[in-house]
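# below is the sequence, then the predicted model.
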Amino acid sequence: MLLTYLPFAVITLHLLLAPYSKVEESFHTQAVHDTLYHLPPKAYLDIYSSLFLNLSPLSCSTNTDTDTDYKTNDNDTNVPSPPPSTACALLNNFDHLSFPGVVPRSFLPSALISNSIRPILRAHTYLSSLLSFLPAPAPPQYSTVSRFVLGMLQAQATVSLSSALPSSTRSPFLLLSCIQPHLNFYASRFLPNSFALLLTTHSFSSWFGGSPYAVISLLTLAAVMVRCDMLILAAPVGISLLLTKKVTLVKGIFVGALTVIATFAVIVPLDTVMWNNYSSPMLPPLPFLWAEGVVLFYNTIENKSANWGTSPFYWYLIALVKALLGCFVFALLGVFKLRPSAATATATTSPKILSLFGVELYLNTWLLEYLLPAVVFVALYSLLPHKELRFILPAFPIFNVAAAEGLAGIWSVLSPSAETKGKNDPAPSSQVSPISTRLRRRKVATTKTEASPPAPTAPTAPAPTSNRPHILISGLIALASVLLLLFTVLGTATFLAASHHNYPGGEALAKLHSHILSLSSSPSQPTPKLSTIFIDNYAAMSGISRFQQVQDPEHFQYVKEGYEASNQQTDKTPPASFTHLVCADECASFDLTDFHLLFTTSAYDGFDFRRFSLRLAPKVFVYERK
């Protein structure tokens with residue numbers, strides 16, 4: 001089926017049109033880079049052997065101090081480093097020690113991604129040394145490759161979930177999953193939420209597919225490793241599994257505890273070493289580091305997430321309407337599902353709400369078992385003051401299942417034969433409830449009774465034509481559905497266009513590199529000089545990562561500002577070594593007497609509804625020393 005390949009194509013398109021990363025993705029983006037280029041496989045053996053053989057974490061001592069007001073330790077060579085005697089030997093090259101951010105995150109997801117593409121990088125390096133026409137591998141290429149791996153894993157998870165759904169819902173689910181903006185945009189982004197989305201999608205696939213203990217294991221893994229707030233999703237899902245008697249309390253606790261122990265055994269040694277005996281003013285010194293435990297303490301006990309802004313309780317409801325677009329309406333129709341009245345004889349036992357013009361509206365009780373935990377998850381998350389749409393992203397697949405059920409109901413009204421066909425197809429094992437089992441037993445008993453010669457009865461009159469949907473009603477339903485689908489596609493296209501123009505820092509640095517390299521290759525300047533590029537906080541957060549840096553430390557050096565107090569510039573006069581400035585607000589924090597404006601980079605600045613077009617404005621300014 002062609003729709004099976006659509007998620008792979010759509011996610012790839014989003015990746016290619018928005019290849020840069022923003023500040024929310026900074027840690028995992030830099031970690032993928034650093035573990036790919038600076039942490040060879042032997043280093044992992046040092047980390048785990050130190051804990052399991054010596055019963056103590058590997059102790060590292062690094063020096064990240066500099067002699068100036070600027071952090072200048074961001075000038076790695078972007079080439080694979082030789083294997084060190086211990087993992088500590090390379091920690092000075094890692095970005096997170098200079099720019100730690102607010103809370104620590106686990107390195108394991110980044111390490112898994114980087115090690116999955118390491119063979120490709122080595123093969124590329126080897127072939128380029130043999131074939132003169134093949135360019136050497138460049139870090140920006142492997143930023144795309146690494147994100148492509150994550151995106152394809154998410155696409156595969158989406159297809160896996162679709163295969164676990166009822167046959168009538170599979171195609172609508174794939175279609176609606178591919179025309180939404182946020183799900184495909186975030187699928188390939190190195191966010192903890194995106195890694196959690198991958199795990200929750202597989203857990204939902206196991207849920208619909210009848211493997212409830214795999215659901216517990218995957219949600220526990222997501223909560224312990226990538227997003228501690230997945231506990232808020234795991235709780236209502238676990239209660240639903242208990243109430244429907246798909247799991248037992250004792251075995252569920254055992255599976256969850258076993259997953260926690262196994263995950264700790266993998267992530268704690270790695271993160272303890274990589275974060276270099278992490279300490280925080282919030283917590284006493286700890287011999288071991290569980291990164292998500294620190295995040296949990298920060299967001300709940302300290303309630304520090306509110307420092308980044310607060311929103312009202314109902315914010316997620318409005319955000320869901322904007323994010324799902326037309327799919328929100330389809331999701332409502334998934335709960336209150338449509339079917340033709342002619343299907344009443346073969347319909348489920350779900351209570352009928354309304355019957356009009358040959359169309360019935362009934363409560364989809366099968367869906368509620370899966371949808372209610374996701375709704376509870378969003379409601380519980382709404383209690384936290386700081387809100388962002390990506391926080392509830394891991395629940396989106398369930399909302400898409402609801403939307404797919406709504407669209408499948410519409411298709412059944414427009415084509416009643418599709419309803420009959422869908423009902424005759426085998427359903428996932430999780431869809432077969434004890435009630436439906438008893439109904440089948442009654443049906444078998446009835447069939448045996450009917451095997452005897454029936455008593456004479458009056459001739460059965462043909463079904464009244466009113467049982468079929470009125471042609472006008474069918475036409476209106478078809479028109480509304482098409483308009484909702486087109487509205488969603490148009491909204492997604494607009495969102496993607498805005499995203500394409502939303503990374504001015506990355507675009508500015510790429511354009512500056514082209515400018516410098518073109519000058520160095522000109523006959524008037526045969527010997528390229530050293531270019532020291534200052535990158536301010538806004539530019540660094542809007543598309544610049546280590547993947548964008550040129551792998552030539554003799555000719556390119558980078559000085560990056562951060563929002564941490566120790567990483568902010570304090571001198572109005574740029575040091576004499578700075579040859580270029582990449583910054584926002586026309587570099588207002590600097591005295592620009594010795595610089596001239598080279599170019600500006602525009603970015604998304606809103607939508608012009610009168611002209612029905614994006615509005616762009618200058619965001620990043622690039623200056624060159626005179």
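Nice, I can see it.
# list the contacts of the host helix or strand of residue 238.
Residue 238 belongs to helix 230-243 when elements are defined using DSSP states H and E. Contacts to helix 230-243, defined as Cβ atoms under 8 Å, 6 or more residues apart in numbering, come from residues 196, 199-200, 203, 207, 212, 215-216, 219-220, 222-223, 247, 249, 252, 369-370, 372-374, 376-377, 380-381, 394-395. In this view, the C-beta of every residue, glycine as well, is placed from N, C-alpha and C.
# list the buried ones in it?
230-238, 240-241 (16 or more other Cβ atoms under 10 Å).
# equivalent analysis for stretch 304-317, please.
Quick answer for stretch 304-317 (16+ other Cβ under 10 Å): 305, 316.
# next: stretch 543-553.
543-550.
# now do the biggest helix by length in the chain: which elements does it pack against?
Ranked by residue count under DSSP state H, the longest helix found in the chain is helix 471-500. Other helices and strands packing on helix 471-500, by 3 or more Cβ pairs under 8 Å, 6 or more residues apart in numbering; DSSP states H and E, are helix 6-17, helix 181-186, helix 326-335, helix 396-414, strand 595-608, strand 613-625.
# need the ones you listed in TSV (columns: mean pLDDT, mean neighbour count and distance to residue 312).
Formatted as TSV, the helices and strands packed on helix 471-500 follow (pLDDT from 0 to 100; neighbours: other Cβ atoms under 10 Å; distance: least, Cβ to Cβ, whole Å):
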stretch	mean pLDDT	mean neighbour count	distance to residue 312
helix 6-17	97	19	30
helix 181-186	94	23	21
helix 326-335	94	22	19
helix 396-414	93	26	21
strand 595-608	93	15	23
strand 613-625	94	18	27
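# so which of these is nearest residue 311?
helix 181-186 (17.0 Å; Cβ to Cβ).
# packing partners of that closest one?
Contacts defined by 3+ Cβ pairs under 8 Å, 6+ apart place helix 181-186 against helix 6-17, helix 167-178, helix 192-209, helix 396-414, helix 471-500.
# list the beta-bridge partners for residue 582.
Beta-bridge partners for residue 582, by DSSP bridges, are residue 535, residue 622.
# stretch 185-195: which residues count as buried?
Neighbour-count burial for stretch 185-195 flags 185-195 (criterion: 16+ other Cβ under 10 Å).
# confidence score at residue 209?
Here, the pLDDT recorded for residue 209 equals 94.
# count the neighbours of the nearest residue to it once chain neighbours are set aside for me.
Nearest residue to residue 209, sequence neighbours excluded (Cβ to Cβ, 6 or more residues apart in numbering): residue 164, at 3.9 Å. Residue 164 is flanked by 22 other residues according to other Cβ atoms under 10 Å.
# surely residue 164 meets residue 205?
Yes. Counting by Cβ atoms under 8 Å, residue 205 is a contact partner of residue 164 at 4.9 Å.
# so where is the stretch 51-200 of the chain shaky, pLDDT-wise?
For the stretch 51-200 of the chain, the stretches flagged by pLDDT under 70 are 51-90.
# ok so residue 190 is a strand residue?
No. Counting by DSSP: H, G, I helix; E, B strand; the rest coil, residue 190 is located in no strand; its state is coil.
# returning to that earlier point: kindly calculate the angle that the helix holding residue 238 makes with helix 396-414.
Interaxial angle, helix 230-243 versus helix 396-414 (axes from the mean of the first three to the mean of the last three Cα atoms, to 10 degrees): 50 degrees.
# tilt between helix 230-243 and helix 192-209?
Angle, helix 230-243 to helix 192-209, by the same axes, to 10 degrees: 10 degrees.
# from residue 271, how far off is the residue most central in space within the chain?
The centroid of the chain falls nearest to residue 194 when counting by Cα atoms, centre = their mean (2.3 Å). Distance, residue 194 to residue 271, by Cβ to Cβ, to the nearest Å: 19 Å.
# which of the contacts of helix 230-243 fall within strands?
Among those, DSSP state E puts none in strands.
# only whichever of these are buried, select them in ChimeraX.
In ChimeraX, this line selects whichever of these come out buried by 16+ other Cβ under 10 Å:
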select :196,199,200,203,207,212,215,216,219,220,222,223,247,252,369,370,372,373,374,376,377,381,394,395
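# any regions of the stretch 451-600 of the chain where pLDDT drops low?
451-470, 521-528, 562-572.
# which stretch among the helices and strands packed on helix 471-500 comes nearest residue 154?
Nearest of the helices and strands packed on helix 471-500 (Cβ to Cβ): helix 6-17, 6.5 Å.
# tell me which other helices or strands the closest one touches.
Packing partners of helix 6-17 (3+ Cβ pairs under 8 Å, 6+ apart): helix 139-163, helix 167-178, helix 181-186, helix 471-500.
# past the last one, which element shows up next along the chain?
Following the chain from helix 471-500 toward its C-terminal end, the next helix or strand by DSSP H and E is helix 504-520.
# quick one: buried residues of that following helix?
504-513, 515-516.
# got the helices and strands packed on helix 181-186 as JSON lines, with distance to residue 592 columns?
Converted to JSON lines, those look like this (distance: least, Cβ to Cβ, whole Å):
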{"stretch": "helix 6-17", "distance to residue 592": "34"}
{"stretch": "helix 167-178", "distance to residue 592": "47"}
{"stretch": "helix 192-209", "distance to residue 592": "38"}
{"stretch": "helix 396-414", "distance to residue 592": "46"}
{"stretch": "helix 471-500", "distance to residue 592": "30"}
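# those: which one's closest to residue 308?
helix 192-209 (14.9 Å).
# and the angle for that closest one with helix 167-178?
Using the same axes, to 10 degrees: helix 192-209 against helix 167-178 is 170 degrees.
# restricting to C-alpha, output helix 192-209 in CSV.
The C-alpha coordinates for helix 192-209 follow below in CSV (Å, rounded to 0.1, in the frame of the first residue of the first chain):
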residue,chain,number,x,y,z
PRO,A,192,13.7,14.7,24.5
ASN,A,193,10.1,14.9,23.5
SER,A,194,10.8,13.5,20.1
PHE,A,195,12.7,10.5,21.6
ALA,A,196,9.7,10.1,24.0
LEU,A,197,7.4,10.3,21.0
LEU,A,198,9.2,7.4,19.4
LEU,A,199,8.9,5.2,22.5
THR,A,200,5.2,6.1,23.1
THR,A,201,4.3,5.4,19.5
HIS,A,202,5.7,1.9,19.9
SER,A,203,3.9,1.5,23.2
PHE,A,204,0.6,2.5,21.6
SER,A,205,1.3,0.0,18.9
SER,A,206,1.8,-2.7,21.5
TRP,A,207,-1.4,-1.5,23.3
PHE,A,208,-3.6,-1.8,20.2
GLY,A,209,-1.8,-5.0,19.3
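# so what does it touch, helix or strand wise?
Helix 192-209 packs on helix 139-163, helix 181-186, helix 212-225, helix 230-243, helix 365-381, helix 396-414, going by 3+ Cβ pairs under 8 Å, 6+ apart.
# wait, which of these is closest to residue 587?
helix 139-163 (24.7 Å).
# who are the packing partners of that closest one?
Here helix 139-163 touches helix 6-17, helix 26-38, helix 108-130, helix 167-178, helix 192-209, helix 396-414, going by 3+ Cβ pairs under 8 Å, 6+ apart.
# could I get those helices as JSON lines with distance to residue 138?
Putting these into JSON lines (distance: least, Cβ to Cβ, whole Å) gives the following:
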{"stretch": "helix 6-17", "distance to residue 138": "16"}
{"stretch": "helix 26-38", "distance to residue 138": "12"}
{"stretch": "helix 108-130", "distance to residue 138": "10"}
{"stretch": "helix 167-178", "distance to residue 138": "31"}
{"stretch": "helix 192-209", "distance to residue 138": "24"}
{"stretch": "helix 396-414", "distance to residue 138": "34"}
